[in-house]
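**Q** Output the structure for:
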Amino acid sequence: MGTASLGQRHDFRALFDQLDGVALWTATGPGEFGYISAGFEDIWGIPPEDVKDDVTRLIDSIHPEDRDRVRKNIQASSQGLHEEAYEGRVVRPDGSIRWVLTRQVLLRNDDGEVSEVVGICTDITEQKRREQELELLNRIVRHDIRNDMMVVLGWAEMLETHVDTEGEEYLQKILASGEHVVELTEIARDYVETVVSNEDLTVEPVPICSVIETELSLREESFPAAEFRLDSPLPEVKVAGNSMLSSVFRNLLNNAVQHNDKDTPLVEVSCEVHDDDVEVRIADNGPGIPDDKKDIVFGKGERGLGSSGTGIGLYLVQTLVTQYGGDIWAEDNEPMGTVFVVKLPLAD
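**A** Sure thing, here's the model as predicted:
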């Protein structure tokens, strides 16, 4: 190896030494470490020199339930069998646990034999915590809320022969809303599974007209005191989206009413088709959004505890629109209020 290569490797290692929660290591055989970066101690809570010549100390720090699997991955990589990334839990000396994702690259000599293994360990504890929270939320939505709604629907159906003509209309609205909630629990499950997986979001052509019309009809039933207007007929085009696209417009329409201080909230919806995309504008006559808040209103939890909302709705909206390859922003309405503009790419 020439001087330039040594210098490049030194610079590369120096870079990793400055990173928190990331560790670089090299090995020429099982337990034979040539280099371990300073980031190792950030994750393991153990100085690199304590394990460099003592692989037993390293293996013992792995959570007992993951230990055999991690040991097999280490042995397989040193034998050139695979380069797959793997996860495992590290038990630090203070008893705290860190989730670590390890990626490995096998370097081979001219004979095709593995001469060195380069590994990068990344602390994914926070990611795992978020996944566990989402999975817990998913269980609550899918199990508790869904089951309770099924019970409510069962009771409501039993009332069908006990209500008069006037009451039948309201009973049907209860049944329709309840069935919609059950449907949303299914959609929420799919969304959580998308978030916690490493797979790309599935995007497919969705007719935007039917999505908006359905959500407008449901919002009219949910907010009888509000007035919803369509400025012009909706275009019969398809945009990039999926089953969660309805959640985008549901949250924006809800937001236009729930944060409106007028006796009669007015929500106007318009849609314009361009060469490559569609712009949907949802305008309200509410108090508006200050200019210094327009760029951060989509942040998760932006609204405080004193607000009637948590802010998670707009955060979800931006997340979905971005995943569809679109964009969303807020503008001032005239003479007052806010316009949320959703730009979605036309489906191929």
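**Q** Now do the helices in this protein.
**A** Remark: helices assigned in the chain by DSSP state H are 3-17, 39-44, 49-52, 55-60, 64-78, 125-139, 146-158, 165-196, 208-222, 245-258, 312-323.
**Q** Of those helices, which is nearest Gln104?
**A** Closest of the helices of the chain to Gln104 is helix 64-78, at 4.9 Å (criterion: Cβ to Cβ). Using the backbone N, CA and C atoms, a C-beta is placed for each residue, glycine as well.
**Q** how distant is the closest one from the center of its chain?
**A** How far helix 64-78 lies from its chain's middle: 30 Å, per Cα atoms, centre = their mean, to the nearest Å.
**Q** Send me it as PDB with only the CA atoms.
**A** The C-alpha trace of helix 64-78 is given here as PDB (Å, rounded to 0.1, in the frame of the first residue of the first chain):
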ATOM      1  CA  PRO A  64     -27.900 -12.700  25.300                       C
ATOM      2  CA  GLU A  65     -30.800 -13.100  23.000                       C
ATOM      3  CA  ASP A  66     -28.800 -11.700  20.100                       C
ATOM      4  CA  ARG A  67     -25.400 -13.100  20.900                       C
ATOM      5  CA  ASP A  68     -25.400 -16.300  18.900                       C
ATOM      6  CA  ARG A  69     -26.800 -14.600  15.800                       C
ATOM      7  CA  VAL A  70     -24.200 -11.800  16.000                       C
ATOM      8  CA  ARG A  71     -21.300 -14.300  16.500                       C
ATOM      9  CA  LYS A  72     -22.400 -16.200  13.400                       C
ATOM     10  CA  ASN A  73     -22.600 -13.100  11.300                       C
ATOM     11  CA  ILE A  74     -19.100 -12.100  12.400                       C
ATOM     12  CA  GLN A  75     -17.700 -15.600  11.500                       C
ATOM     13  CA  ALA A  76     -19.600 -15.700   8.200                       C
ATOM     14  CA  SER A  77     -18.200 -12.300   7.100                       C
ATOM     15  CA  SER A  78     -14.600 -13.300   8.000                       C
END
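**Q** Going by contacts, tell me the helices and strands next to that helix.
**A** Using 3 or more Cβ pairs under 8 Å, 6 or more residues apart in numbering; DSSP states H and E, the elements in contact with helix 64-78 are helix 55-60, strand 86-91, strand 97-108, strand 114-123.
**Q** Just send the ones you listed back as TSV, with distance to Glu135 too.
**A** Formatted as TSV, the helices and strands packed on helix 64-78 follow (distance: least, Cβ to Cβ, whole Å):
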stretch	distance to Glu135
helix 55-60	29
strand 86-91	15
strand 97-108	14
strand 114-123	20
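**Q** and Val163, what are its phi and psi?
**A** phi -110, psi 150 (degrees, to the nearest 10).
**Q** Which residues are in contact with it?
**A** Contacts for Val163 were tallied using Cβ atoms under 8 Å, 6 or more residues apart in numbering; they are 170-171.
**Q** Would you mind giving the helices and strands packed on helix 64-78 as CSV with mean neighbour count, mean pLDDT and distance to Cys271 added?
**A** Output for these, formatted as CSV (neighbours: other Cβ atoms under 10 Å; pLDDT from 0 to 100; distance: least, Cβ to Cβ, whole Å):
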stretch, mean neighbour count, mean pLDDT, distance to Cys271
helix 55-60, 15, 84, 59
strand 86-91, 18, 91, 44
strand 97-108, 16, 88, 43
strand 114-123, 19, 85, 43
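**Q** Indicate which one of the helices of the chain is closest to Ala27.
**A** Of all the helices of the chain, helix 64-78 sits nearest to Ala27, with 6.8 Å by Cβ to Cβ.
**Q** what about that closest one, average pLDDT?
**A** In this model, helix 64-78 has a mean pLDDT of 81.
**Q** Ok, stretch 321-329 next?
**A** For stretch 321-329, the per-residue pLDDT averages 94.
**Q** starting at the chain centroid, how far to that stretch?
**A** Counting by Cα atoms, centre = their mean, stretch 321-329 is centred 14 Å from the centre of its parent chain.
**Q** Next, the residues that contact it from outside, please.
**A** 201, 203, 239-242, 245, 248, 277, 294, 298, 317-318, 340-345.
**Q** Of these, just the buried ones, ChimeraX syntax please.
**A** Of the contacts of stretch 321-329, the buried ones go into a single ChimeraX selection, burial set by 16 or more other Cβ atoms under 10 Å:
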select :201,203,239,240,241,242,245,248,277,298,317,318,340,341,342,343,344,345
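**Q** Alright, that wraps it up for me.
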